[in-house]
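> Got a predicted structure here, sequence first:
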Amino acid sequence: MSTATLEAPSIPKTVYHVTDSGQGSAISIRDFNLFYGEAQALYNVNMEVQRGMVTSLIGPSGCGKSTLLRSLNRMNDLIDNLRIRGKVIVHDNDIYAPGVDVIALRKRMGMVFQKPNPFPKSIFENVIFPLRVEGISDKAMLEEACERALKGSALWNEVKDRLNESALGLSGGQQQRLCIARAIAAEPEILLMDEPCSALDPIATAKVEELIHELRGQFSIVIVTHSMQQAARVSDNTAFMYLGKLIEYGATDTVFTTPKDSRTEDYITGRFG
Ligand SMILES: Nc1ncnc2c1ncn2[C@@H]1O[C@H](COP(=O)(O)OP(=O)(O)OP(=O)(O)O)[C@@H](O)[C@H]1O
């Protein structure tokens, strides 16, 4: 792993000092702008999400973190009067190009939301839901996928004897790890997490953070978090956003110890936000 300067000449104001995974980019965001009706929420964002690494999006409330995250798998498509300009490149293809299969795109990107959102079904059916959607019905294949995903989300030992019980009977922290199991069951390449610990207590948060650490390498993870401590603990790279702009995108250690932009410094030292 080396520290490389990734250039984005079209926005001189963003400071880049990103830790390069050596495996290239999982996602390239290029001159990306987003408008909710007349209101612009993202301004010329340029960012390379490094493959196999954990990337945190931080910044004060309303700065556009969730908007940017949801732009990566086109979750924003469902919003009326939304316009975008720019590109999001995954596997050399712009995901906003005409004719893109959005369902296929979302299969490559598992998503975990703020609040655990298990379906009112059994633990087993929750985990293998994405495979059912794909039309897989082979029992042995589903059981194997379920076990793999639950082991991957560090929940297997806690639920292996109650797979047919309702997922709603699990604790909040277990439900969130179940949602992570569901997100990884179809073996996506990228995991998008929108404040995955905001509804969890400190112990459950620690477990999810540990899990993120374990999933690193296997998946490219982008996580929105309000907690700077969490960003510092779990991520390789951190992107600081402010008023819809990407201000600084760099190696997490550097962002938190020696930020290069005064706005980043003001935020991480608690002067605003
Ligand atoms: N569906 C929407 N329609 C219109 N405006 C929206 C919508 N979603 C977000 N916005 C606006 O876009 C801006 C960015 O919001 P976003 O939720 O992305 O910020 P955030 O950094 O994730 O905030 P928070 O940390 O509070 O969750 C805000 O001004 C917000 O009001």
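Yep, it's here.
> buried set for stretch 248-260?
Residues 248-252, 254-256, 259 are the ones in stretch 248-260 that count as buried (16 or more other C-beta atoms under 10 Å). Placement of C-beta: from N, CA and C, glycine included.
> what's the answer for stretch 54-61, then?
54-59.
> again with stretch 32-39
Neighbour-count burial for stretch 32-39, counted by 16+ other C-beta under 10 Å, picks out 32, 34.
> Now do it: distance to the chain's middle.
Put simply, stretch 32-39 sits 21 Å off its chain's centre (C-alpha atoms, centre = their mean, to the nearest Å).
> in which helix or strand would I find residue 191?
Using DSSP states H and E, residue 191 falls within strand 190-194.
> again with residue 247
Applying DSSP H and E as the criterion places residue 247 in strand 245-251.
> Show residues contacting the helix or strand following that strand.
Using DSSP H and E, the helix or strand that follows strand 245-251 in sequence is helix 252-257. If you take C-beta atoms under 8 Å, 6 or more residues apart in numbering as the criterion, helix 252-257 is touched by 17, 19, 56, 228, 231-232, 235-238, 240, 248, 260, 264, 268.
> could you redo the last one with a cut-off of 6 Å?
Residues from elsewhere that reach helix 252-257 (C-beta atoms under 6 Å, 6 or more residues apart in numbering): 17, 232, 235, 238, 268.
> Quick check: mean pLDDT of it?
Averaging pLDDT along helix 252-257 yields 96.
> In terms of secondary structure, what does whichever helix or strand comes after that helix contact?
Using DSSP H and E, the helix or strand that directly follows helix 252-257 along the chain is helix 262-268. Helices and strands touching helix 262-268, by 3 or more C-beta pairs under 6 Å, 6 or more residues apart in numbering; DSSP states H and E, are strand 245-251.
> let's see it at 8 Å
When contacts are defined as 3 or more C-beta pairs under 8 Å, 6 or more residues apart in numbering; DSSP states H and E, helix 262-268 packs onto strand 237-242, strand 245-251, helix 252-257.
> between those, which gets nearest to residue 272?
Closest of the helices and strands packed on helix 262-268 to residue 272 is strand 237-242, at 8.9 Å (criterion: C-beta to C-beta).
> how about the closest one: buried residues?
Quick answer for strand 237-242 (16+ other C-beta under 10 Å): 237-242.
> Quick check: of these, which lies closest to the ligand?
The nearest member of those to the ligand, counting by C-beta to the nearest ligand atom, is residue 241 at 6.7 Å.
> show me where the chain has helices.
Counting by DSSP state H, the segments of the chain that form helices are 65-71, 102-108, 123-127, 129-133, 139-152, 156-159, 172-185, 202-215, 228-234, 252-257, 262-268.
> So which of the ones you listed is nearest residue 91?
With respect to residue 91, and counting by C-beta to C-beta, the nearest of the helices of the chain is helix 102-108 at 8.3 Å.
> Show me which residues of the protein sit near the ligand.
Residues of the chain lying near the ligand by C-beta under 6 Å from any ligand atom: 36, 41, 59, 61-67, 79, 226.
> Please spell out the ChimeraX selection for the buried subset of those residues.
Entered in ChimeraX, the line below selects the buried ones among those, by 16+ other C-beta under 10 Å:
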select :41,59,63,64,65,66,67
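> Tabulate the residues of the chain next to the ligand (JSON lines), appending pLDDT and distance to residue 145.
As requested, these are arranged in JSON lines below (pLDDT from 0 to 100; distance: C-beta to C-beta, whole Å):
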{"residue": "36", "pLDDT": "97", "distance to residue 145": "38"}
{"residue": "41", "pLDDT": "98", "distance to residue 145": "37"}
{"residue": "59", "pLDDT": "97", "distance to residue 145": "36"}
{"residue": "61", "pLDDT": "95", "distance to residue 145": "38"}
{"residue": "62", "pLDDT": "96", "distance to residue 145": "39"}
{"residue": "63", "pLDDT": "97", "distance to residue 145": "37"}
{"residue": "64", "pLDDT": "97", "distance to residue 145": "35"}
{"residue": "65", "pLDDT": "98", "distance to residue 145": "31"}
{"residue": "66", "pLDDT": "97", "distance to residue 145": "29"}
{"residue": "67", "pLDDT": "97", "distance to residue 145": "32"}
{"residue": "79", "pLDDT": "94", "distance to residue 145": "32"}
{"residue": "226", "pLDDT": "92", "distance to residue 145": "33"}
